[in-house]
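*Asks:* Sharing a model prediction with you, sequence too.
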Amino acid sequence: MKKNIFIIGGSLRKKSYNKFLASNLIEIGKNDFNFEIFSDFNLLPMYNTDDHSENDWPSALLEIGDKIKNADGVIFITPEYNFSVPGYLKNCIDWISRLPNQPLDKKPVCIQSASLGPLGGARVQYHLRQILVFLNARVMNKNEIFVTFAKTKFDETGKLIDEQTINFIKDQLNGFKIFINE
Ligand SMILES: Cc1cc2nc3c(=O)[nH]c(=O)nc-3n(C[C@H](O)[C@H](O)[C@H](O)COP(=O)(O)O)c2cc1C
């Protein structure tokens, strides 16, 4: 049976390489997975404890929480900002972390990143992993996906055109399918 995966990914940019990467998973993983992508981080205001109570949450957050709870796994796909997690993604995770029955608890998770540089976002992945430790997500260690020199890996429409990267992603998704069932 196909696994349902919720992708939290991309950046706020319209032509975000990380958004492109997320969209490509739909084709690459179509035999084994159904994907739903969330990248509209603007729907969440900056987190402030004063602005909500236990019964009063932004509707977008409740939707994200339900999608995570109902998914077999979550894939984070993110750029690296200043060697770390972009503010909008950290804000999104901070909101998620406050939800009752915190939805990332024990949830199978894997990570991908794309950047313009030669490390493909290697550093953001380890900061994100650290955050996910606190949230007790079950993060897959290998295979890791770092899309380096992202400008050269996609065509103008956002299609991934690098065979090696596509094969790395296939390997990661195959591993994730097994990991979800473990
Ligand atoms: C505020 C900011 C900080 C950045 N810091 C890094 C960085 O630490 N490492 C890196 O590889 N690229 C960095 N970049 C460049 C990103 O890799 C590049 O902007 C990439 O296109 C962002 O992903 P996106 O296309 O999904 O928006 C940074 C970009 C911005 C706007």
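*Replies:* On my side now, so go ahead.
*Asks:* alpha carbons only for contacts and neighbour counts from here, please
*Replies:* OK.
*Asks:* centroid residue for this protein?
*Replies:* Closest to where the C-alpha atoms of the chain average out (Cα atoms, centre = their mean) is residue 76, at 1.3 Å.
*Asks:* Phi, psi for that residue please.
*Replies:* The phi/psi pair for residue 76 (degrees, to the nearest 10) reads phi -90, psi 130.
*Asks:* now do the one 10 residues further on
*Replies:* Reported as degrees, to the nearest 10, the phi and psi values for residue 86 are phi -60, psi 150.
*Asks:* need the contact list for it.
*Replies:* Neighbour list for residue 86: 78-80 [criterion: Cα atoms under 8 Å, 6 or more residues apart in numbering].
*Asks:* And these, which is closest to residue 167?
*Replies:* Set against residue 167, the nearest of these by Cα to Cα is residue 78 (19.3 Å).
*Asks:* Up against the ligand, what does the chain have?
*Replies:* Contact residues, the chain versus the ligand (Cα under 6 Å from any ligand atom): 10-11, 13, 16-19, 79-83, 115-117, 120-121.
*Asks:* one more time with 8 Å
*Replies:* 10-13, 15-20, 78-84, 86, 114-124, 150-151 (Cα under 8 Å from any ligand atom).
*Asks:* Report the buried members of those residues.
*Replies:* Neighbour-count burial (16 or more other Cα atoms under 10 Å) is assigned, among the residues of the chain next to the ligand, to 10-11, 16-20, 78-80, 84, 86, 114-116, 120-124, 150.
*Asks:* Please report how far residue 57 lies from the ligand.
*Replies:* From residue 57 across to the ligand, the span is 27 Å (Cα to the nearest ligand atom, to the nearest Å).
*Asks:* phi, psi of that residue?
*Replies:* Main-chain dihedrals, residue 57, degrees, to the nearest 10: phi -130, psi 150.
*Asks:* count of neighbours near it?
*Replies:* 15 (other Cα atoms under 10 Å).
*Asks:* follow-up on the earlier one: if I pick the residue nearest to the centre of the chain, what's in contact with it?
*Replies:* Contact analysis of residue 76 by Cα under 8 Å, 6+ apart lists 7-9, 109-112.
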